[in-house]
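[1] Starting from these lines, generate the structure:
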Amino acid sequence: MTPTATPLQLTGFVLEDQDGLTLVEVCRACAAEPEMVIALVEEGLVAPSGAAPAEWRFTGVHMQRARVAVRLQKDLGVNLAGAALALQLLEELDSLRARLQLLEDSGR
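    Numbers count the residues shown, from 1 in each chain. As a prediction, this is how the structure comes out:
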């Protein structure tokens with residue numbers, strides 16, 4: 001008798017669809033200290049809901065922006081203002097790529 005393989009089940013979630021993430025969860029996902037994420041909020045790079053750090057709730061989009069900003073700072077030594085500019089330019093580039101793809105798709 002040969003053993004039968006059970007099907008592998010993968011589960012996941014869409015990062016952008018997440019909401020209600022705490023400061024601790026964002027710090028863990030970004031491999032950053034709370035002070036770093038607080039500085040990102042103070043600079044306006046992410047805007048969680050809630051009045052104080054203990055009450056803040058982040059979305060998946062916030063977490064992704066924070067992750068990119070933290071990597072820019074750690075890997076490239078970019079300051080907060082530079083990270084904000086880089087994020088803005090990256091998002092604009094994504095938007096332009098999406099528009100270009102729509103134009104290419106409609107021209108077929």
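[2] Need the contact partners of stretch 90-100.
    Under the contact criterion CB atoms under 8 Å, 6 or more residues apart in numbering, stretch 90-100 has outside partners Val68. Every C-beta, even on glycine, is put in place using the N, C-alpha and C of the backbone.
[3] per-residue confidence averaged over that stretch?
    Throughout stretch 90-100, pLDDT has a mean value of 95.
[4] Also stretch 30-39?
    Mean predicted lDDT for stretch 30-39 stands at 95.
[5] Show me what counts as buried in that stretch.
    30, 32, 36-37 (16 or more other CB atoms under 10 Å).
[6] same question, stretch 69-79
    So, applying 16+ other CB under 10 Å, buried residues of stretch 69-79: 69-70, 72-73, 78.
[7] circling back to that earlier point, pick out whichever of the buried residues of stretch 30-39 sits closest to Gln64.
    Cys30 (9.5 Å; CB to CB).
[8] For Ala98, see how far away the closest one is.
    As judged by CB to CB, to the nearest Å, Cys30 and Ala98 stand 25 Å apart.
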